[in-house]
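[1] Sequence and computational prediction follow.
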Amino acid sequence: MDGEYSNNTEETEQNNNSQKYKLLKNWVVLFISLGPQITLSLTWIFVGQTHVNLNTQVHPGIIIVECGGDSPAWAVCNITFLGVMAAICLGLASKAQKLPSAKNEAKFITFSMLTFLLVGLAFIPANSSTQGKFKIATEIFALIAIAYSLLGCIFITKCYSMLFKMK
């Protein structure tokens, strides 16, 4: 009709507000998940009684300098927290697999969380039975395995689907 025009600024503002809300929601979820982890770590740093331990028992005649005073309670709390977070993520990803979507990434998250849990379960006895530089190597191996599971299950599969399965 003559004299009427369309003003899309309200629609653009609603889209921006919706995106801001989603971003804020993601930050809140991130803070809720990182908050306990940061609290546990800072508590251990300030309350824990760390000291240098000179180990002469493993190799007689050789002094191995180790960090002593690590608390088993801290390790249990930390691993329990990470396990609970991974289990929640696994549960949510399992539910999301049932959603109708052509590019559903929940199965990739499920596989990466299962790998995370399996590496974590293998890491606990391996880490508790090692000492010195082998303990550090065990920790590094676990971190690398988890990183590659996330990279392989989520990122590489996403790149593959973007490069080779585009319609």
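    Received it, and whenever you're ready, just let me know what you need.

[2] For this protein, just list every one of the strands.
    With DSSP state E, the ranges of strands along the chain come out as 51-55, 64-68.

[3] Give me the mean pLDDT for the last one.
    pLDDT averaged over strand 64-68 equals 77, rounded to a whole number.

[4] same check, this time on stretch 21-39
    pLDDT averaged over stretch 21-39 gives 75.

[5] quick revisit: for Ile45, find the nearest of the strands of the chain.
    Relative to Ile45, the nearest member of these by Cβ to Cβ is strand 64-68, separated by 12.5 Å. Backbone N, C-alpha and C define where each C-beta goes, glycine included.

[6] which parts of that closest one are buried?
    Buried residues in strand 64-68, counting neighbours by 16 or more other Cβ atoms under 10 Å, are found at Glu66.

[7] Strand partners (parallel or antiparallel) of that strand?
    In the sheet, strand 64-68 lines up against strand 51-55 (antiparallel) (DSSP bridges).

[8] how far is the longest helix anywhere in the chain from where the chain is centred?
    Longest helix of the chain, by residue count under DSSP state H: helix 9-47. The chain centroid and the centroid of helix 9-47 are separated by 15 Å under Cα atoms, centre = their mean, to the nearest Å.

[9] of all the strands of the chain, which lies closest to Asn15?
    Of all the strands of the chain, strand 64-68 sits nearest to Asn15, with 51.8 Å by Cβ to Cβ.

[10] any idea how far Glu66 is from His59?
    To Glu66, His59 is 12 Å away according to Cβ to Cβ, to the nearest Å.

[11] Also Gln49?
    Look at Gln49 and Glu66: by Cβ to Cβ, they are 14 Å apart.

[12] quick revisit: helices or strands next to the longest helix of the chain in the packing?
    When contacts are defined as 3 or more Cβ pairs under 8 Å, 6 or more residues apart in numbering; DSSP states H and E, helix 9-47 packs onto helix 72-96.

[13] okay, the angle between the helix it packs on and helix 9-47?
    Computed by axes from the mean of the first three to the mean of the last three Cα atoms, to 10 degrees, the angle separating helix 72-96 from helix 9-47 equals 160 degrees.

[14] Can you give me the buried ones in helix 72-96?
    Buried residues in helix 72-96, counted by 16+ other Cβ under 10 Å: 74, 77-78, 82, 85-86, 89-90, 93.
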